[in-house]
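how does the following fold in three dimensions:
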Amino acid sequence: MCNLYSSQNAIKRAKKLGLQTVIQQDGEVQRLVRMVCGIPLLPTKLLVKGLACIGKRAIRTGKFLTLEEFLKKIDKTWLKPSVKPVLSVYKAKHRTSNACESDNAAFARRVRAPHPNTWRFLGGYLTLIEYLTKMSFGNSYTIILPV
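As a prediction, this is how the structure comes out:
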């Protein structure tokens with residue numbers, strides 16, 4: 001499974017359950033929903049424990065009643081024995097469904113703007129190339145840019 005799609009799925013579930021306004025207005029509810037989005041990053045054997053920890057935090061912070069239906073849906077759909085091994089992206093080389101999405105995500109992290117101007121775009125591109133070059137060749141390299 002793709003971590004991006006599972007996170008989008010969790011957010012859509014929360015919205016369908018009418019939690020959008022609460023998520024926007026309550027930082028702790030937002031934090032708990034984001035924690036749910038991080039569940040696929042855990043090893044398969046810790047997925048259930050991860051959701052249990054989120055549930056305990058929701059109880060401790062007084063947000064469980066708000067999130068109870070959402071957490072039950074996640075438990076029912078994500079933590080079925082047949083789904084757990086597919087859900088976890090722990091130690092996966094690509095945590096998205098394909099290399100293009102992974103590359104796009106890496107580029108977006110460096111650009112840090114949804115619609116970058118030319119200079120920001122080029123700066124993000126160059127930092128990505130520099131990072132990839134370091135990963136491939138170590139610190140001793142020279143970047144030759146086309147003219």
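
what helices or strands is the helix or strand A14 falls within leaning on?
Element membership for A14 (DSSP states H and E) is helix 3-16. With contacts taken as 3 or more CB pairs under 8 Å, 6 or more residues apart in numbering; DSSP states H and E, helix 3-16 sits against helix 27-37, helix 64-78. Placement of C-beta: from N, CA and C, glycine included.

can I get the CA coordinates of the first one in CSV?
What it means is helix 27-37. C-alpha atoms of helix 27-37 as CSV (Å, rounded to 0.1, in the frame of the first residue of the first chain):
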residue,chain,number,x,y,z
GLY,A,27,-4.9,21.1,18.0
GLU,A,28,-5.0,17.9,20.0
VAL,A,29,-7.6,16.3,17.7
GLN,A,30,-5.6,17.4,14.7
ARG,A,31,-2.5,15.8,16.3
LEU,A,32,-4.3,12.5,17.0
VAL,A,33,-5.6,12.3,13.4
ARG,A,34,-2.0,13.0,12.1
MET,A,35,-0.8,10.2,14.5
VAL,A,36,-3.2,7.9,12.8
CYS,A,37,-1.8,8.9,9.4
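
list the buried residues in the very next helix or strand once past it.
Next helix or strand after helix 27-37 toward the C-terminus (DSSP H and E): helix 47-60. Neighbour-count burial for helix 47-60 flags 47, 50-51, 54-55, 58 (criterion: 16 or more other CB atoms under 10 Å).

contact partners of stretch 47-56?
Stretch 47-56 is contacted by residues 32, 35-36, 38-40, 42, 64, 71, 74-75, 78-79, 84, 87-88 when judged by CB atoms under 8 Å, 6 or more residues apart in numbering.

what's the farthest-apart pair in these?
F64 and S88 (24.8 Å; CB to CB).

for those two, indicate the residue with more neighbours.
Applying other CB atoms under 10 Å to F64 and S88 shows that S88 carries more neighbours, namely 23 against 16.

so what's the more buried one up against?
S88 makes contacts with 40-44, 47, as judged by CB under 8 Å, 6+ apart.

what about 7 Å?
The contact partners of S88, taken as CB atoms under 7 Å, 6 or more residues apart in numbering, are 40, 42-44, 47.

returning to that earlier point: and of the buried residues of helix 47-60, the nearest to G124?
G50 (32.3 Å).

could you list the domains of the protein?
Split into domains by automatic domain parsing, the chain comes to 3-87, 99-137.

good, wrapping up.
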